[in-house]
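>>> Predicted model, plus sequence, below.
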Amino acid sequence: MGLLCLVLGTSLALSGREAPVVRIEASGHGSTADTRPTAPATGTAPSPATTAPKPFAPSPPTRLLVPAAGVDAPVADLGLNADGTVQVPTADRGDEVGWYRNGPSPGETGPAVLIGHYDTVHGPAVFRQLPKLRPGDLVRVRRADGSTVDFRVRTLLQAAKDSFPTEQVYGDTPAPALRLITCGGRIGSDGHWTDNIIVLADLAT
């Protein structure tokens, strides 16, 4: 049975940008046994410095590297579907990360949003190990202009699909920030993932 993981952001206008619904498909489970991701860390890394780091010029991301989660993946830019939901990589591109191009690019002031599958019909996907990240872990984003922007994980959130923390994901930030989103929780009786795992990361200084 196909499984569908939803990130249920409300349709608020934040910083002149929309906070759209995000759909992440996943499938291929015969049962719920041993399929739930590890619970995310509840601690946080030290807060970023009071003085906001200098932002980078806009440039699309081309590759995401998260050593602690085994991620070294290409990034494709994604827009919106006709129904207003964010596009995601197709199931046959489970090793690809999607960047929501209507938001900031990684390194610009504000929250850049990257989306990846936890799994697909083809098996484990690019963000399978994302729930294992801990505060302080390095996240690197290579960009089209040849630069690399480094972030450090601040915290992980696990949120039920019907209580997505829209403001924490899409809300204004005084400095460049990064959000990584995938499925989480458990497989419910309806065949859907119950939650989302959201990584909040700040520009490394």
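Yes, it's here. These numbers come from a predicted model, not from an experiment. Residues are numbered from 1 along each chain as shown.

>>> Please tell me how far the closest residue to Ala57 other than its chain neighbours sits from Ser59.
Spatial nearest neighbour of Ala57, chain neighbours left out: Asp145 (7.2 Å); criterion: C-beta to C-beta, 6 or more residues apart in numbering. Just so you know, the C-beta spots here come from the backbone N, C-alpha and C atoms, and that holds for glycine as well. Distance of Asp145 to Ser59, computed by C-beta to C-beta, to the nearest Å: 4 Å.

>>> what do you get for Thr120?
Distance of Thr120 to Ser59, computed by C-beta to C-beta: 29 Å.

>>> just to revisit the earlier point, which of Asp145 and Ser59 has more residues huddled nearby?
Ser59 (18 against 13; other C-beta atoms under 10 Å).

>>> which SS class is the more buried one?
Following DSSP: H, G, I helix; E, B strand; the rest coil, we place Ser59 in the coil state.

>>> OK, contacts around it?
Taking C-beta atoms under 8 Å, 6 or more residues apart in numbering, we find Ser59 in contact with 105, 107, 143-145, 147.

>>> Narrow the residues you listed to those that are buried.
105, 107, 143 (16 or more other C-beta atoms under 10 Å).

>>> any weak-confidence spans in this protein?
Within the chain, the ranges that satisfy pLDDT under 70 run 1-52, 191-192.

>>> Sketch out the strands for it, chain order is fine.
2-7, 13-14, 17-18, 22-27, 61-66, 71-78, 97-100, 110-115, 119-120, 123-124, 138-143, 148-160, 176-187, 193-203 (DSSP state E).

>>> Could you figure out how far the longest one is turned away from strand 110-115?
An angle of 70 degrees separates the directions of strand 148-160 and strand 110-115 when computed by axes from the mean of the first three to the mean of the last three C-alpha atoms, to 10 degrees.

>>> Show me what strand 148-160 packs onto, helices and strands only.
strand 138-143, strand 176-187, strand 193-203 (3 or more C-beta pairs under 8 Å, 6 or more residues apart in numbering; DSSP states H and E).
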